[in-house]
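Trainee: prediction below, plus the sequence it came from.
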Amino acid sequence: MMNNKIKPLIFLVDDDALFLKSIEIDFTQNTESYIKTFATGELCLENISQNPDIIILDYYLNSIDINAINGIETLDRIKTANPLIPVIMLSSQDKIEVAVICMKHNAFDYVVKSETAFVRLKKIITTIFQTQKTEKALSWYMENM
């Protein structure tokens, strides 16, 4: 294999084991990414030093353990640890208020869990990587002028 580009590392964080597994399979089969899955925000945060390229994070996160931190709390802690990691929020709630809360907490985007969730996630991730590439090129250009 000639390609020595490093695969992006994507964290998937969801307490819905079935959804987590299905989205992990989608990513593994359809993208060139390393996928790490976590059932809680706490586990994601314990591994944040691995500097994932993107985190896909469930909004609720406390169906298994009622005392677990929720997605917004996890999002805030991720942004404290590393404000540059893009976080895409996932929720089964198709409510504008939920989307607004996520954006106020600096989520990159918000996706409703559905049959089309993976397709939407893939599009958003492509956008994130294109934006990062453009920003890198721009900053190189600015520094070298």
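Mentor: Everything's here; your move.
Trainee: okay, buried residues for the host helix or strand of Thr126 please.
Mentor: In this structure, Thr126 sits in helix 117-143 according to DSSP states H and E. The neighbour-count check on helix 117-143 (16 or more other C-beta atoms under 10 Å) flags 117-118, 120-121, 124-125, 128 as buried. From N, CA and C alone the C-beta is placed, and that goes for glycine too.
Trainee: so where do the helices sit in this structure?
Mentor: Per DSSP state H, the chain carries helices over the ranges 17-30, 41-46, 71-81, 96-104, 117-143.
Trainee: just put those helices in CSV and tack on distance to Ser63 and mean pLDDT.
Mentor: Formatted as CSV, the entries for the helices of the chain read as follows, by distance: least, C-beta to C-beta, whole Å; pLDDT from 0 to 100:
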stretch, distance to Ser63, mean pLDDT
helix 17-30, 10, 93
helix 41-46, 13, 96
helix 71-81, 12, 97
helix 96-104, 16, 94
helix 117-143, 18, 92
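Trainee: export these to CSV and tack on distance to Leu90?
Mentor: Below are these laid out as CSV (distance: least, C-beta to C-beta, whole Å):
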stretch, distance to Leu90
helix 17-30, 8
helix 41-46, 13
helix 71-81, 8
helix 96-104, 10
helix 117-143, 7
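Trainee: what residues are up against Ile54?
Mentor: By C-beta atoms under 8 Å, 6 or more residues apart in numbering, the residues touching Ile54 are 8, 10-11, 85-88, 125, 128.
Trainee: so what's Glu115 scoring on pLDDT?
Mentor: Residue-level confidence at Glu115 comes out at 88, pLDDT.
Trainee: phi, psi of it?
Mentor: For Glu115, the backbone dihedrals are phi -60, psi -30 (criterion: degrees, to the nearest 10).
Trainee: which residue sits closest to Val87, ignoring its sequence neighbours?
Mentor: Ile55 (4.7 Å; C-beta to C-beta, 6 or more residues apart in numbering).
Trainee: out of the helices of the chain, nearest to Asp65?
Mentor: Comparison of the helices of the chain against Asp65 by C-beta to C-beta identifies helix 41-46 as nearest, at 9.0 Å.
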